[in-house]
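Asks: Predicted structure and sequence below. I'll ask about it afterward.
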Amino acid sequence: MKLIVAIIQPDKFEEVHQSLIDNEIFRITVSRVTGHGQQEDPELYRGQEVRPNLLPKVRLEIGVNDAFVEPTIEAILRAARHGDGTVGDGKIFVLPLEEAIRIRTGERGGSAI
Amino acid sequence: MLAARTGPVAGRVEARAALPALGLLAVLAVTIVVALPASSPAPLPPQHAVDTGATAWMLASTALVLLMVPGLAMFYGGLVRTKNVLGTMMHSFAAMAIIGVLWVTVGFALAFGPNALGGWIGWDPGHVFLRNIDATVGSDGIPDLVFAMFQGKFAIIAPALIAGAFAERVRFRGYGVFIALWSLLVYAPLCHWVWASDGWLYRLGAIDFAGGTVVHISAGVSGLVAALYLGSRRGYPRTAMHPNNLVMTLMGVGLLWVGWFGFNAGSSLASGVKTAQALTATQAAAAAGALAWVCIEAVHHRKATSLGVASGILAGLVVITPAAGVVQPAGAIALGFVASGLCYGAILLKNRLGYDDTLDVFGVHGTAGIAGALLLAFFVRAGEMPDGRSALVQLAVQATGVGATIVYAAVATLVLLVAVNRTVGLRLGAAGEMAGLDHELHGEHAYGLLNLN
């Protein structure tokens, strides 16, 4: 089991979400976060460029069984890029996942994901 | 200047964006040049004395009607998804900017000039830039400029209402061009027919006290046509699309209710008994609409929702708009009840038919507008029926006005939609729609770290 954490651009969230659903990955957790990598994202307020230090991002957390790791990564990669890939498109982290427990039934392991 | 852009694509996009703006500027420039030679005629002496009481109330009403536009922006803005809040609110504010200029330039001349083109529209070149009413006072003791500005606020809110029908999926540029053309080719003729002293519906004796046909039916029908022509939002109706901020929606509807006193009571063009009657009917109908909607929901869903209260208030306000000056409080309450029932049904029907009138412009404004314009015939105060007609004869006259408005608004709007969509582009592409109007079209976002939606 792996925990896939992806940090993506907010405007690509809906496309990524759709791409995941198309690949039968339905169970996700999403949050708004801020942070920055290399990217700077100037916004216009009354014509003046403002460059914030921390930029809004969307973080996806997806617990998957090993067979779903690559399809999930592929689905995110396909949808999260701007054009052929732009600075700021985000990152995907794959973490080992020790245990998964479904609260409702108490079942553990791969079937609880 | 264009050659200096970074790439050919950037240059092309820029040129495309600049075209409508340049066109508008050219029209403005030509108008100004044409108008200038006669722009400083000797000021006419006022023919009538100013009625300060009436004028003071009309000034207040004018401001109240303008307050409805930010109210509408908040009402609509709260109902869309987080990524589209600013784009949606911009639709209302853009109407203030675009129609605000257009009305002074030629809109008033087209709506309130004497009959032109066989009565299809009005035209008085002297009204261009409001030149020949600079110092005149009407027979009602109200300066003509106050009347023109009061009417101008109605011209602003009508196209802003339509925006709710195609919320979350249109280009800002195309929207701007569309409402400018709609104001000139749909609103101005309808306004002329109903309110100009030589308009054909006015002469027929059709009652439209404060704009049920001109504003609400025309916007409702145009919205329906636009929603059908532009198609649904991506994922509608399969995906649930939750309002991002109902608090803002409720504040918006509150502003609309307050502003509506200017809209309806101001339409008496006086400060007297008729004003009081219109104000009372407005209050009673809005309250009745809210009450009825909540009761229907309580029976249907076992819950009273805040959006239900907001919708009921709006249904009551719209239904009383054509009738405010001619019905008594009991009639106003009856109309408010009926309107909420009909609008509730219209929205259920919409959900069953599956078309995407996003914020129910037809469901509320169209439906309640039509109901008010027709049913008022049965509630007219004794002795106030035009030419002493019976209710049924008046109903036929009202139906003529309603029918003409529906047919004209539908056909003309469809022509404009096709024209704008094929040239400037109105429907937003799938990628832009997914990214949201705020990011895609305006380069801003509305909230900080709030809910993802």
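Replies: That came through fine.

Asks: which parts of the longest helix along chain A are buried?
Replies: Using DSSP state H, we find that the single longest helix of chain A is helix A:69-80. Going by neighbour count (16 or more other Cβ atoms under 10 Å in any protein chain shown), the buried part of helix A:69-80 is A:72, A:73, A:75, A:76, A:77, A:79, A:80. Every residue, glycine included, has its C-beta placed from N, CA and C.

Asks: List the buried residues for the host helix or strand of residue B:433?
Replies: Secondary structure from DSSP states H and E places residue B:433 in helix B:430-435. By neighbour count with 16+ other Cβ under 10 Å, helix B:430-435 contains the buried residues B:432, B:433, B:434, B:435.

Asks: helices or strands next to it in the packing?
Replies: helix A:13-22 (3 or more Cβ pairs under 8 Å, 6 or more residues apart in numbering or on different chains; DSSP states H and E).

Asks: right, and the helix or strand after the helix it packs on?
Replies: strand A:29-35.

Asks: what does chain A put close to chain B?
Replies: A:10-15, A:18, A:30-34, A:43-45, A:56, A:58 (Cβ under 8 Å from any Cβ of the partner chain).

Asks: Among those, name the buried ones.
Replies: Counted by 16+ other Cβ under 10 Å, the residues of chain A next to chain B give A:10, A:11, A:12, A:13, A:14, A:15, A:18, A:30, A:32, A:56, A:58 as buried.

Asks: and the longest helix of chain A, average pLDDT?
Replies: Helix A:69-80 shows a mean pLDDT of 95.

Asks: Check stretch B:283-294 too.
Replies: Rounded mean pLDDT across stretch B:283-294 is 97.

Asks: and the spatially most central residue of chain B, what does it touch?
Replies: Residue closest to the average C-alpha location in chain B (Cα atoms, centre = their mean): residue B:158, at 1.5 Å. For residue B:158, the contacting residues are B:183, B:187, B:211, B:214, B:215, B:218, B:219, by Cβ atoms under 8 Å, 6 or more residues apart in numbering or on different chains.

Asks: Longest strand in chain A, by number of residues?
Replies: Of all the elements of type strand in chain A, the one with the most residues (DSSP state E) is strand A:55-64.

Asks: packing partners for the helix or strand residue B:55 falls within?
Replies: Here residue B:55, judged by DSSP H and E, is contained in helix B:52-79. Judged by 3+ Cβ pairs under 8 Å, 6+ apart, the packing partners of helix B:52-79 are helix B:85-102, helix B:144-162, helix B:246-265, helix B:306-320.

Asks: Quick check: which of those is buried the most?
Replies: helix B:306-320 (a mean of 27; mean count of other Cβ atoms under 10 Å in any protein chain shown).

Asks: returning to what we had before: may I ask which of the contacts of residue B:158 has the most neighbours?
Replies: residue B:218 (33 neighbours; other Cβ atoms under 10 Å in any protein chain shown).

Asks: From chain A, how far out is it?
Replies: Computed as Cβ to the nearest Cβ, to the nearest Å, the residue B:218 to chain A distance reads 34 Å.

Asks: Secondary structure class of residue A:7, three-state.
Replies: Following DSSP: H, G, I helix; E, B strand; the rest coil, residue A:7 is assigned to strand.

Asks: List the residues that contact it.
Replies: Contact partners of residue A:7, counting by Cβ under 8 Å, 6+ apart, are A:33, A:35, A:57, A:58, A:59, A:90, A:91, A:92.

Asks: beta partners for it?
Replies: Under DSSP bridges, the beta-bridge partners of residue A:7 are residue A:59, residue A:91.
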